[in-house]
Structures are given as C-alpha cells and as structure tokens.
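# sequence-free structure coming up:
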C-alpha cells in the first residue's frame, strides 16, 4: 500500500499571527478538516522539543535520519539547496566572490562581497571550468544569490579537514588552506591551487573588465569557508525496499529526497514559491502512485509568505493549497488503499519571519490510522489529537501504516 | 512499594480489526476499564515512532535498555527464545541441520534443510555432547522447529567476529569458518572442529540410519550463520537495588527477564499460548509481591491469535484475560500499596498477522499516578490519555512511581 507525505514548508504559526489565531487556524480549509476528521492528528517537533530547525535538519529528521548524527554543517546542505548534485562523500564549501589586490605576492581582501555584486552568475562557468584532476578531484561550482555560491570537491581523497581561505576580515590576505590532519594534505593543496586559478580566470574576465570600466570593484577572487562533507545516507528506498518519488520546486528538498533515494520528478509549473501550480503538483503525486510506494510532495510558498511577514498571504496560500492541491488530490485518492500524511517542516510565524522551535501540526489518514475525535487541522486542534507529540520520523510512521517497514529484531 | 508490569503480547490493533474497532476496543473489559478509570493511560512506541519492533527489541526497550545499543542481532536473541540459558558474552549462532556429501575431502551441501526434517529433537543430545574444552569453550545446542536450532559458545575467548559455515546455497561446500580479526582465531578453529565432529556424530546416528533406510535424506551436518554476542546487560535489579521475578510461558520473555536480573518462576499451567492458565499466573504474581519489588507478567496468547489472523479469538482471549487474570489479580491487589502497569510489546493487527509500527496503549494505576479522565482501556482511549505518547521504558516508569528509581545526578 503506498503512502503520500505532503510537507507545507513553515506551516506552523503562533496565536499572534492573525488576531488570536494562527494562519492555519484562520484559513478556511474544508478539505484538510475533513481529512483530520477521518484520520488522527498530533504535534511534531521536527528535530526535538525546543530545537529551532533549519529546513535541512528538519527534512533529514522527517525522513527518519538523526540530524545530530548526519548533519555535517551548512556547507554541504547549502550546496544541495542551490541545486548542486551533491553526493555522499563530497566535500562542500560556502563560497564568496570577493575583491582582492596583489600586495607583495599576497592576495589581500579589499571587499569580501566584491562591491555588493548583484549576481555572480556570469562568472559561474569560468570557476566551474577550473580543472583539479591532477589531484584526482572533480570540481562543481554554482552561484546562489549576489556574491554567494558553493564549491564541491568530489573524489576518493577529498577531505573536509581543511581550514578556510576566507580571512573573514577586509585588509587581511586570503588565507592558505591548511590540512587539519595528514590525510587532508591533498585537498588543502587542491584548494590553494583553486584559489590561484580562480584569481587568474577572474582577473581578466570580460565581466570584471566591464565592472572596472564602470568604476565597480571586480569579483576577482573566490573565498571558501566551512568545509563539510556530505554524509553517506543509507537510502530509505534501500532500507525499506521501496520506490520513492519527489514532487518539489525547491532545490534543497529535491536534494534531500535524492539523498534518501527518491526519484525527483520534473513537474512543469512547480516553482517552489507562491505562484506554484498546485493542481499540477497534485496531478503529479496521483500519477506517481502507480510507480512508487512513497510519494513526497513539498510546497514551499507557505514559508515564503512567513519569511515576508505576510500573515494574510500565508492564510490565503493555505486556502489555495486546501482547494487546489488537496481538493484535486482527495477527489481522486482511494483513501481506503493509501495513507496520507500532511505536516510542515517547522513553524515560521509571520511575526517572527524566521523558523521557530514550536511544534508543528501533523495529520495521518488511511485505513490503518486509528481516528481520533479532532475534526479540524490546526495547531491547537493537533494538540488535542490522538497521536500525541513526537519527534520527526514522519516517513517511517507513514511507511509503517503502509506495512512497508523493515522489522528491527525478531 | 512494589510494582507489577503486565505485558499482553501483540496487544495493539487497528480499526480494521473488527468492524471499525480494534480487538481491544471491541472486547468487554470491565476490570481493565475500571483500572483505566482509576489511573492514567497513554500511547507507547515500543522502540520509537515508526519502528516495527521484534519481541526482543521491544522487551529490551520496555525494560529500559536502548535496543539500538544492546541489540546485537537475531542469533543471540533467537537462542534465548528457544530456551537456551544464554548469558552476557556468549557467542550465539543460528543453526540448520543439513544433508552433506563428502566429495574430494570436502563436505558439499546437498540439502540445506535435510529433506525438510520434521523435528531435529532426536539429534539434539548428540550435538550438545560435542566437546570443545580444548579451546576453553563450553558448547550449548538446542533445536527449535524442524531443521532449525541454535548453538552457543561460552568462554573467555569466544568471539562473534567469525564468518558463517553455511554457504547459503546447495551444491556448495560447507564453508570454513574464518576469523574477522586476530583475536577470533580460536573461535574460528573451534567452529571448524565443531563442523567436523557434528558430521561424525550425525553420520552414523541411528536416527539418520533410519532416515536413509526409509529413503530420506540424513541430517548429517550442522550449518552455522549469524554469529552474535549476547550483550552484557546491567541487571535492573542491580541498577535499582531491587528483587524482581518473572511470570511467563514463552522462552524469549523468560530469557530477557533473566538478563535483566529477574528470577524466573516456574508456574504450572503457564504455557505461553491461548490455553495458558491465567488464574495461575495471577496467583503467582500476587504471591511474588512478598518477595520482589518488581513482578513482570507476560501473556503471549494475544499475539498468537493475531499472527493466526483470528480477530475474534484475540477479542475473546482479551476478555478472558480481563476476567481470569485481572479479575483474580485486582480482587486481591491493594491498589493503594502497589503500582500496576498494563501494556503490550507491539501492535499485531490480525489483518496483517505481523508486528506493525503503530503505538500501543499503556495504563498505569496506583497511588502515585495522576488519574486522567479516560475511563476505558483501548487504543483510541489511550490517545486521549493523560500520559501522552512516549517510547518504551515501562519498567523505569513503573519503578519510578514506586519510588524505587536511582537518582541520575544530585
């Protein structure tokens, strides 16, 4: 029996969101309320009570991984989040375009943000083309926003035990990357060669010549920090012997799903923001039920509205999700032959504009779920639900209801 | 103040068990309902949310051990389950009687199940009598069902870091046991000598001569696999400075209780199935209150009916437990001077016939327990209970109410 997990990003809220109610409570959600009436609800702490989760740590936990064991730092998951195809064992760095000057054989940082570079995209290809094969390392590079990006080193010898090249202060020279253990020597050498080659290819890049011509600071160096290795996650598809697919717009969610062994579908119109085509996502999820036991759907817009501090937009988007996504889904979902879980990855109250540690409502429905008396989907309703309070692990619980879980013990 | 823990094996169910109700919900249980009304209820995940537990891992967790740390594999706990007196440090193997032929000095496996041997019991003594004292190892062997059994090696040098002798395929020779680390060399040598000696004592065994005479395949070898060491558990009786007794029919539960430091009582009529004498078990539990602070009672029949897929038998047995066991117990139990916990070790819905990951209802009653408003003992009632949802650790909670718990910190 298959299962569908729908994560509404940043779903949870606080009573201060909208005149005493959370956005979810204030929203008219007849379809979700009907699902709550048929199933059972509870409260989930994404990573643990009182832990303010990132989207990366919360999704790891929701998929059943222990983020305290497998989360190796922002570097690795930021690289995933900007769409790099990061794999287990890859060493990832957070990268900054910067402005440097040669002084006495050293590269001194003049501006860590290269004159507030609006978009480093035109320089991406030049950096991604740097060759480190002499170290047995493959290089991936991608720009995210403004002067920011991520670098990935892949290869048997890649080690995260190296120091930063980013001096974190202007007026200081770019630091030499040093190995923190003998086995990391080759990676440190590769990073230092990367720094020199990046300066070479950027220095005379037409984009920078044009910036200098306009009196702007050139983005003529790449500073690296926060080396982190992407953990080798045991795919849940292997652990459970199932096929899984992911319907998501945002790169991070696609990336975590891929690490967990899911196949990421390309859904036209799934944009990862408030304009996303919710009916197309529901259609994609329904179609995927023929070819997978686990369908993971991620809807990002709820969190975007929350980070913007726009409670009204969040409420309106939740209503649209109820109508367009769940309306489409439930109309064609055989709820006696499938299990459905709906929750969020964390609470993002529009008044705070950031993730908070408050627990998130979670709903399970399907033939194996013991229905409770709660008839609405909301934060306070979930606190009265029959599933109580638990930490993460939505995917293991969903697959458990579907009788797909491996047995631990005999 | 003493405490009694009663585990009804495979107690939990699903709404699909009996026309929208679980077997426990459908059963008339006036005594358990009265206990629920006097005490408080909640939902327990035996090992964790979404983890489908074995009986071994769930009992470890219920006694307060972390199965992710101490569970060393099926070999050790299967040996316990078939009634071998396994102790911490013992190395256990899963064993198969097989049919082999000598070809060019090698023993080649012709049939891994020795012609579907109906019962290996007549050969048990011959194998158990094999002497490995020259390696400083004591040997225990017991047959479970058909061609299956378990072998235990005990002694200071015993190591689980050895390979299997079972080639897992017919037509292949019995494999030589190899050490996976230098310290395991002696165990590997002992296993290889065991293989030869087992073949010798079985080859001319009257039981096998008779099989050959009847045209059946002889059980003339023992194949070993899955070496696992039984963990050294710190007995809770030592940890808490208490005496504990166990009233159970099934070997696994007696075995785990023994590892936890409890004294296993011999209760005539406690059979570990649906025919068990429930009044005798209640009498034994009551009598044990004079000599122990913790009384652990295990009733297996609920799980047997569940594995048989017989929801009506499960409901009827729960009603018999309520009447005969709890009726007898509560009539003579001073509930102002003792704490009682009633729960299951996992959910086994008759429709699934296997353990599932769904949480299990748990009930605590006694002077220290804060009563909630729930007045029935059942899965959905437990979801509305005052104890919320928690993972395992029934024994520590019970002993906590009894003011017997050691302090962690100062």
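Good, I have the coordinates. Predicted model only: the values in this text are computed from it and were never measured. Numbers count the residues shown, from 1 in each chain, chains lettered A, B, ... in the order given.
# ok, the residue nearest the centre of chain A to chain B distance?
With distances taken as CA atoms, centre = their mean, chain A has residue A:252 as the residue nearest its mean C-alpha position (3.0 Å). Separation of residue A:252 from chain B (CB to the nearest CB, to the nearest Å) stands at 23 Å. Any C-beta I mention is one placed from the backbone N, CA and C, and that applies to glycine too.
# Over to residue A:307?
Residue A:307 is 29 Å from chain B, where distance means CB to the nearest CB.
# Repeat that for residue A:340.
The value you get for residue A:340 to chain B, if CB to the nearest CB is used, is 15 Å.
# if we can go back for a sec, quick one, phi psi at the residue nearest to the centre of chain A?
When read as degrees, to the nearest 10, the backbone of residue A:252 gives phi -60, psi -40.
# Quick one, grab the pLDDT at it.
Listed pLDDT for residue A:252 reads 92.
# domain ranges for chain A?
Domain assignment for chain A by automatic domain parsing gives A:3-71+A:231-401, A:91-229.
# would you turn the ones you listed into CSV with distance to residue B:198?
Formatted as CSV, these follow (distance: least, CB to CB, whole Å):
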stretch, distance to residue B:198
domain A:3-71+A:231-401, 35
domain A:91-229, 45
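# which one of those domains has the most crowded surroundings?
Mean neighbours per residue, mean count of other CB atoms under 10 Å in any protein chain shown, is largest over these for domain A:3-71+A:231-401, with a mean of 21.
# Tell me which residues touch the closest residue to chain B within the stretch 301-410 of chain A, please.
Nearest to chain B, among the residues of the stretch 301-410 of chain A, is residue A:409, at 2.3 Å (CB to the nearest CB). Residue A:409 sits next to B:47, B:53, B:54, B:55, B:56, B:57, B:58, B:67, B:71, B:74, B:77 when contact means CB atoms under 8 Å, 6 or more residues apart in numbering or on different chains.
# Show me those residues that map onto helices.
B:55, B:56, B:57, B:58, B:67, B:74, B:77 (DSSP state H).
# give the contact list for the fourth one.
Neighbour list for residue B:58: A:409, B:46, B:47, B:67, B:345, B:346, B:392 [criterion: CB under 8 Å, 6+ apart].
# Roughly how far does the residue nearest to residue A:71 when sequence neighbours are not counted sit from residue B:110?
Once flanking residues are discounted, residue A:71 sits nearest to residue A:57: 5.3 Å by CB to CB, 6 or more residues apart in numbering or on different chains. Per CB to CB, to the nearest Å, residue A:57 is found 54 Å from residue B:110.
# again, but for residue A:317
Distance from residue A:317 to residue B:110, by CB to CB: 68 Å.
# show me the contacts for the closest residue to the residue of the stretch 301-410 of chain A closest to chain B other than its chain neighbours.
Among residues not flanking residue A:409 along the chain, residue B:54 sits closest, at 2.3 Å (CB to CB, 6+ apart). By CB under 8 Å, 6+ apart, the residues touching residue B:54 are A:407, A:408, A:409, A:410, B:77, B:355.
# Settle this for me: the last one is touching residue B:348, isn't it.
What that stands for is residue B:355. Yes. Assessed by CB atoms under 8 Å, residue B:355 is found in contact with residue B:348 at 5.5 Å.
# which parts of the stretch 251-400 of chain A sit against chain B?
For the stretch 251-400 of chain A, the contact set with chain B under CB under 8 Å from any CB of the partner chain comprises A:367-373, A:385-391, A:393, A:395-400.
# For the closest residue in space to residue A:103 that isn't next to it in sequence, give the beta-bridge partners.
Closest residue to residue A:103 apart from its sequence neighbours, by CB to CB, 6+ apart: residue A:173 at 7.8 Å. On the basis of DSSP bridges, residue A:173 is bridged to residue A:108.
# Can you give me every residue that contacts residue A:173?
Residue A:173 touches A:103, A:106, A:107, A:108, A:109, A:167, counting by CB under 8 Å, 6+ apart.
# wait, which of the residues you listed is closest to chain B?
Closest to chain B out of the contacts of residue A:173 is residue A:167 (42.8 Å), distances taken as CB to the nearest CB.
# per-residue pLDDT, that closest one?
On pLDDT, residue A:167 comes in at 97.
# Kindly provide the distance from the residue lying closest to it once chain neighbours are set aside to chain B.
In this structure, residue A:167 finds its nearest non-sequential neighbour in residue A:175, 5.3 Å apart by CB to CB, 6+ apart. Residue A:175 is 41 Å from chain B, where distance means CB to the nearest CB.
# now residue A:271
From residue A:271 to chain B the distance is 31 Å (CB to the nearest CB).
# What of residue A:245?
20 Å.
# which outside residues touch the helix or strand hosting that residue?
According to DSSP states H and E, residue A:245 maps onto strand A:244-247. For strand A:244-247, contacts defined as CB under 8 Å, 6+ apart pick out A:236-237, A:253-254, A:257-258, A:260-265, A:267, A:270, A:281, A:284-285, A:288, A:291-298.
# Just want the residue of the stretch 51-200 of chain A that's nearest chain B.
Across the stretch 51-200 of chain A, no residue is closer to chain B than residue A:64, which sits at 6.8 Å (CB to the nearest CB).
# Is residue A:298 part of a helix or strand, or is it coil?
strand (DSSP: H, G, I helix; E, B strand; the rest coil).
# so what's it scoring on pLDDT?
97.
# The residue nearest to residue A:167 contacts residue A:165, correct?
Yes. Look at residue A:175 against residue A:165 with CB under 8 Å: they come within range, at 5.1 Å.
# tell me the secondary structure for the residue lying closest to residue A:159 once chain neighbours are set aside?
In this structure, residue A:159 finds its nearest non-sequential neighbour in residue A:184, 3.8 Å apart by CB to CB, 6+ apart. Using three-state DSSP, the secondary structure recorded for residue A:184 is helix.
# Provide a list of residues in contact with residue A:184.
With CB under 8 Å, 6+ apart, residue A:184 has these contacts: A:159, A:160, A:161, A:162.
# Quick check: the gap between the third one and residue A:183.
Read that as residue A:161. 7 Å.
# where do the contact lists of the two overlap?
Common neighbours of residue A:161 and residue A:183 (CB under 8 Å, 6+ apart) do not exist.
# Do you have the strands of chain A handy? List them.
Under the criterion DSSP state E, strands of chain A are mapped to A:3-8, A:40-45, A:91-103, A:106-111, A:138-143, A:148-154, A:221-229, A:244-247, A:263-264, A:294-299, A:339-343, A:360-365, A:389-391, A:407-408.
# related to what we said a few turns ago, tell me the neighbouring strands of the strand holding residue A:245, and mark each as parallel or antiparallel.
Here, using DSSP bridges, strand A:244-247 pairs with strand A:263-264 (parallel), strand A:294-299 (parallel).
# could you dump these to a markdown table with distance to residue B:91?
Shown next, in a markdown table, are the strands paired with strand A:244-247 (distance: least, CB to CB, whole Å):
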| stretch | distance to residue B:91 |
| --- | --- |
| strand A:263-264 | 42 |
| strand A:294-299 | 38 |
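# Please name whichever of those is nearest to residue A:116.
strand A:294-299 (31.6 Å; CB to CB).
# Please list the residues outside that closest one that contact it.
A:2-9, A:236-237, A:240, A:242-250, A:253, A:257, A:262, A:276, A:278, A:281, A:285, A:288-289, A:321, A:325, A:395, A:398-399, A:404.
# for stretch A:97-107, same thing?
Contacts of stretch A:97-107 (CB under 8 Å, 6+ apart): A:108-115, A:117, A:120, A:123, A:147-149, A:166, A:173-174, A:195, A:199, A:202, A:217-223.
# Please repeat the previous calculation with a cut-off of 7 Å.
A:108-115, A:117, A:120, A:123, A:147, A:173-174, A:199, A:217-223 (CB atoms under 7 Å, 6 or more residues apart in numbering or on different chains).
# about what we covered before: nearest to residue A:19, out of the strands of chain A?
That would be, of those and by CB to CB, strand A:360-365, which comes in at 19.2 Å.
# what angle do the closest one and strand A:339-343 make?
Angle of strand A:360-365 versus strand A:339-343, following axes from the mean of the first three to the mean of the last three CA atoms, to 10 degrees, is 170 degrees.
# which helices and strands sit right next to strand A:360-365?
helix A:30-38, strand A:40-45, strand A:339-343, helix A:379-383, helix A:394-401 (3 or more CB pairs under 7 Å, 6 or more residues apart in numbering or on different chains; DSSP states H and E).
# Alright, that wraps it up for me.
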